[in-house]
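Asks: based on what follows, work out the 3D shape:
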Amino acid sequence: MIRFLLRKTVNIVLSLFVLATATFFLMKAIPGDPFMQEKNVPDVVRQNLIKFYGFDKPMWEQYLVYLNNLIHLDLGMSMRQQYQSVSDIIARSFTYSLQLGLVAIVVSIIVGIAVGLIAALYHRKLIDKLAMLFATLGIAVPNFVLGTIIQYYFANKFRFFDVAGLNDPSDFVLPTIALSVLPIAFIARLTRSTMLEVLSADYIRTAKAKGIGSLTILIRHALRNGLLPVVSYVGPMTANIITGSVVVESIFGIAGLGKFFTMSVSNRDYTLIMGITLFYAAILMFARFLTDIAYALIDPRIKMMKKGGGGHAAG
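Replies: As a prediction, this is how the structure comes out:
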């Protein structure tokens, strides 16, 4: 297990290094500099800004300085947010993104598993058909379309909720719905298909033949094996919800990380773009890392296999 953890950690570090390098050179490949859009800035001031951020140095020297700063966890200063470091912006704004993301994750897992389980238990009945219809629509409708629709009707038209911000617990309702419908639909379909397979397995029939109660069979035998594919999806889903709320945050006026990422792209704030990109990537990789561990702990048949210099989780 220790070797597995070390190998995963090395892979994460190497992946972040490759991403940081690619992001750096992609930013440098864009013609001009972040200060070209400032029409009222005197040329002398613009030259001083270029010198302050090191754009006057050779490319290789800028790259080495950037890597050295990353090693010391220094993401630099924002080029457009005055007197604010990239780390401070991420720390401040990610609080809102994390709060919204965690609520959406919990709702997605609970509702998704419940819908999928009910659909499997009532296979080919009306409730199963309705659940799968909901799942199909949930996968088909993008979250920004759903977010716009529910904001218009429930916030603008009927005034059930505030239009923007996260100032009250009720403000989480609409953005959570917009973020969680897709993962709910996916988890529901995944749970249904897996549970149908598990419930028709021989060991379930044997348990029923021994007179074990249906609820006991469901909880102690079926769910454990039936939810393994869901566990494998939770990691990527967690990262996707937290990092994929850019548009939803913009629709509902939430001052989260997505808002600053959108602003950094439009303003050509190179340091903020690179910092948020690395932060998003770290979240995604860490979520997958935790998923691998959780998958192995839930299913004791899975062991960390080591072959030569590589390894993988196998069942």
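Asks: can you list the low-confidence ranges for the stretch 151-300 of the chain?
Replies: Along the stretch 151-300 of the chain, the parts satisfying pLDDT under 70 run over 243-244, 295-296, 298-300.
Asks: can you rerun that using 80?
Replies: 163-164, 203-205, 207-208, 211-228, 231-232, 235-236, 239-240, 242-245, 266-267, 291-300 (pLDDT under 80).
Asks: pretty sure Y63 sits in a helix.
Replies: Yes - counting by DSSP: H, G, I helix; E, B strand; the rest coil, Y63 falls inside a helix.
Asks: for it, give its distance to M77.
Replies: Between Y63 and M77 the distance is 18 Å, computed by Cβ to Cβ, to the nearest Å. Any C-beta I mention is one placed from the backbone N, CA and C, and that applies to glycine too.
Asks: quick one, strands of this structure?
Replies: Along the chain, the stretches classed as strands by DSSP state E are 303-307, 310-314.
Asks: rank those strands by mean pLDDT and give me the bottom one.
Replies: Ranked by mean pLDDT, those end with strand 310-314 in last place, scoring a mean of 42.
Asks: wait, Q62 touches F55, no?
Replies: Yes - with contact defined as Cβ atoms under 8 Å, Q62 reaches F55; the gap is 7.4 Å.
Asks: low pLDDT regions in the stretch 1-150 of the chain?
Replies: Using pLDDT under 80, the stretch 1-150 of the chain drops low at 1-2, 4-5, 30-47, 49-50, 52-53, 55, 80-83.
Asks: in the lengthiest helix in the chain, what's buried?
Replies: Secondary structure of the chain read by DSSP state H shows that its longest helix is helix 86-121. Under the neighbour-count criterion of 16 or more other Cβ atoms under 10 Å, helix 86-121 has 86-87, 89-90, 93-94, 96-97, 100-101, 103-105, 107-109, 111-113, 115-121 buried.
Asks: starting at the chain centroid, how far to stretch 71-83?
Replies: Chain-centre distance of stretch 71-83: 23 Å, with Cα atoms, centre = their mean, to the nearest Å.
Asks: quick one: end-to-end length of that stretch, please.
Replies: The stretch stretch 71-83 measures 22 Å between its terminal residues, going by Cα to Cα, to the nearest Å.
Asks: could you do stretch 74-94 as well?
Replies: Using Cα to Cα, the end-to-end distance of stretch 74-94 comes out at 17 Å.
Asks: which other residues reach it?
Replies: Contacts to stretch 74-94, defined as Cβ atoms under 8 Å, 6 or more residues apart in numbering, come from residues 34-35, 53, 66, 69, 73, 255-257, 259-260, 263-264, 267-272, 274-276, 278-279.
Asks: kindly report the same for stretch 112-119.
Replies: Around stretch 112-119, the neighbours that count as contacts under Cβ under 8 Å, 6+ apart are 127-128, 131-132, 134-135, 183-192, 195, 223, 227, 230.
Asks: ChimeraX command to pick out the buried ones of those residues?
Replies: Only the buried entries of these go into this ChimeraX selection, using 16+ other Cβ under 10 Å:
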select :128,131,132,134,135,183,184,185,186,187,188,189,190,191,192,195,223,227,230
